[in-house]
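[1] My questions are about this predicted structure, shown below with the sequence.
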Amino acid sequence: RIGRSRPLITNMIRLLRLPIAVQRRVAAGVLSAGHARALLALDGGAEVQEELAARIVAEGLSVRATEEAVTLANRNGTAPPSAPRRKPIQMPGLQDVAEQLSTAFDTRVTVSLGKRKGKIVVEFGS
């Protein structure tokens with residue numbers, strides 16, 4: 001006995017079928033196990049799973065929204081664009097900085113600018 005339920009062990013073993021980049025995001029706490037299970041149902045291979053995982057992190061999609069994106073992607077062959085959101089006006093280059101930091105730290109990074117000062121938020125799991 002190892003003190004874990006059988007479904008938990010089964011789901012953890014299933015997560016090993018994800019690409020290494022996605023597994024790292026789950027281990028870092030950037031993606032939840034629910035997001036990862038939804039990604040397992042995505043047709044199209046590892047590259048498509050990695051692209052959707054990056055989109056989940058960038059847009060902060062919920063597990064339910066991820067499941068819907070996977071369903072639509074499997075039906076249409078491509079992931080649907082997300083619903084347009086109102087975004088605050090940003091200085092040119094701030095989004096590039098956020099993307100570079102997000103790639104470097106392999107986690108979600110947001111850069112926002114107020115009237116007098118800015119804020120950089122780096123999310124982490126543990």
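    Everything's here; your move. Since this is a predicted model, take the numbers as computed values, not measurements. Numbers count the residues shown, from 1 in each chain.

[2] So which residues make contact with stretch 99-111?
    24-25, 28, 30, 57-58, 60, 90, 94-95, 97-98, 118-125 (CB atoms under 8 Å, 6 or more residues apart in numbering). The way it works is simple: take the backbone N, C-alpha and C, and place the C-beta from them, glycine included.

[3] Give me the buried subset of those residues.
    Applying a neighbour-count criterion of 16 or more other CB atoms under 10 Å, the buried members of these are Arg25, Val30, Val57, Ala98.

[4] Tell me the one among the residues you listed nearest to Arg17.
    Nearest to Arg17 out of those is Arg25 (CB to CB; 14.8 Å).

[5] contacting residues around the nearest residue to that closest one once chain neighbours are set aside?
    Distances taken as CB to CB, 6 or more residues apart in numbering put Leu31 closest to Arg25, at 4.4 Å, once the chain neighbours are dropped. By CB under 8 Å, 6+ apart, the contact list for Leu31 reads Val22, Arg25, Ala53, Ile56, Val57.
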